[in-house]
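Structure for this input, please:
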Amino acid sequence: MDDDSDYPSGPWIGFYLYEANSIRHRQELTLNFKQGNLSGDGLDGVGAFIIRGKYARETREVWWTKNYLGGHAVFYRGFREGKGIWGTWEINSFARGGFKIWPKALGAGEDETEAAEADAPVELVGQNVESKG
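Next up is the predicted model:
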């Protein structure tokens, strides 16, 4: 069976955090889960991106690379729990933080989404990397 209710394909929403602060940066994604493969695209304060990755139903682990169009790549690793996926992201060893995403249809975490919408725009990652130097 290709479809799995724990991994619904379609629109997802959520946020990511930088290690040094708790400001939630909103992200919107369209994800396709099929036979252990994950693909999709999305948009956040940094820009548009493409996602390619994998998921394991048995361990509930999900991992992917978020490639910004014409820009840098971010590695995500998380776990499917409750109504969403939570975990960590990393750009090499320069920057890291946490994230949480959930299927938009579930409406889970709408209060978190509203808080993310109110946040200031994301700093350019290049500036963040230089400051960690």
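
For the nearest residue to Gly53 once chain neighbours are set aside, give me its contacts.
With sequence-adjacent residues excluded and distances taken as Cβ to Cβ, 6 or more residues apart in numbering, Gly53 is closest to Trp64, at 2.5 Å. Quick note: C-beta positions are derived from backbone N, CA and C, even for glycine. Trp64 is in contact with 38, 51-54, 75-76, counting by Cβ atoms under 8 Å, 6 or more residues apart in numbering.

what about 6 Å?
Counting by Cβ atoms under 6 Å, 6 or more residues apart in numbering, Trp64 touches 38, 51, 53, 76.

Quick check: it vs Pro8, distance?
Distance of Trp64 to Pro8, computed by Cβ to Cβ, to the nearest Å: 16 Å.

any idea of the mean pLDDT for the host helix or strand of Tyr55?
In the assignment (DSSP states H and E), Tyr55 maps to strand 48-56. The pLDDT scores in strand 48-56 average 98.
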